[in-house]
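Student: can't give you the sequence, but here's the structure:
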């Protein structure tokens, strides 16, 4: 399987290098303004094609059967699909959702090309083994639980201690939904540290959050703001620790 994984990693490396290191912002702006007429987009696509061809040729020399028609076809598939995906993205308004959809589409094409070049489909076998394992579903369930379900539970538990409107505005008005996003990130990090048996990392997350929130809490004129934030943080920790430890017990 090492040779097939080498091909996949090589193609992923070329994709990220060409997309994020060899594509100036001027090319992106030209693509977004001129769409399928953009010459910069064509240059970007040709860069991807050149790097892909090098990786696939090297792989064929060392591990493959020297079928150069497959090298050409694989390079053409990645080049054409990359151009089509980027043209489609140029018609969006930008943002994180189109960005992730764009990257996922490119990665799906790369995986498909790897499956095409490999006779025994080891990547598909690995994906089949992964999806058929109960451990994968335990981990997935744990992450799903610490995200929105925990947010809803914490919000409901804190309803009896709602902040006055002035305190709420002064504490969270600068970035709407910032508290919710911070909670999602902190619970994701804590759960990850628990699952990999690095409980010290949980302390690191809490310490980092405390350092950044220390000024807000000490400068707050109302004591209930400090208590409200502490309650939310401790509830977040309790829920995440409980879910994480249950998941680890199930995986044992």
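Tutor: On my side now, so go ahead. Because the structure is a prediction, the values reported are computed rather than measured. Residues are numbered from 1 along each chain as shown.
Student: Is the spatially closest residue to residue 91 that is not a sequence neighbour in a helix, a strand, or coil?
Tutor: Spatially, and ignoring its direct neighbours in sequence, residue 91 is nearest to residue 35 (6.5 Å; C-beta to C-beta, 6 or more residues apart in numbering). From N, CA and C alone the C-beta is placed, and that goes for glycine too. Using DSSP: H, G, I helix; E, B strand; the rest coil, the secondary structure recorded for residue 35 is helix.
Student: since we're on residue 35, how many residues are nearby?
Tutor: Residues within reach of residue 35, counting by other C-beta atoms under 10 Å, total 15.
Student: Test my guess that it contacts residue 92.
Tutor: No. Contact status for residue 35 versus residue 92: not in contact, 11.0 Å apart, counting by C-beta atoms under 8 Å.
Student: List the buried residues for stretch 138-145?
Tutor: In terms of neighbour count (16 or more other C-beta atoms under 10 Å), stretch 138-145 has its buried residues at 138-139, 142, 145.
Student: now, among these, which is nearest to residue 233?
Tutor: Of all the buried residues of stretch 138-145, residue 145 has the smallest distance to residue 233: 18.0 Å, by C-beta to C-beta.
Student: Now the closest one: closest residue in space, sequence neighbours ignored.
Tutor: In space, and not counting its chain neighbours, residue 145 is closest to residue 243: 5.2 Å by C-beta to C-beta, 6+ apart.
Student: Now do the one you found against residue 16, distance only.
Tutor: Residue 243 sits 32 Å away from residue 16, going by C-beta to C-beta, to the nearest Å.
Student: Show me which of those two is the more surrounded one.
Tutor: A direct count of neighbours by other C-beta under 10 Å for residue 243 and residue 16 places residue 243 higher, at 22 against 13.
Student: about what we covered before: need the buried residues of stretch 138-145 in JSON lines with secondary structure and distance to residue 42, can you?
Tutor: Compiled in JSON lines, these are given as follows (DSSP: H, G, I helix; E, B strand; the rest coil; distance: C-beta to C-beta, whole Å):
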{"residue": "138", "secondary structure": "helix", "distance to residue 42": "47"}
{"residue": "139", "secondary structure": "helix", "distance to residue 42": "42"}
{"residue": "142", "secondary structure": "helix", "distance to residue 42": "45"}
{"residue": "145", "secondary structure": "helix", "distance to residue 42": "46"}
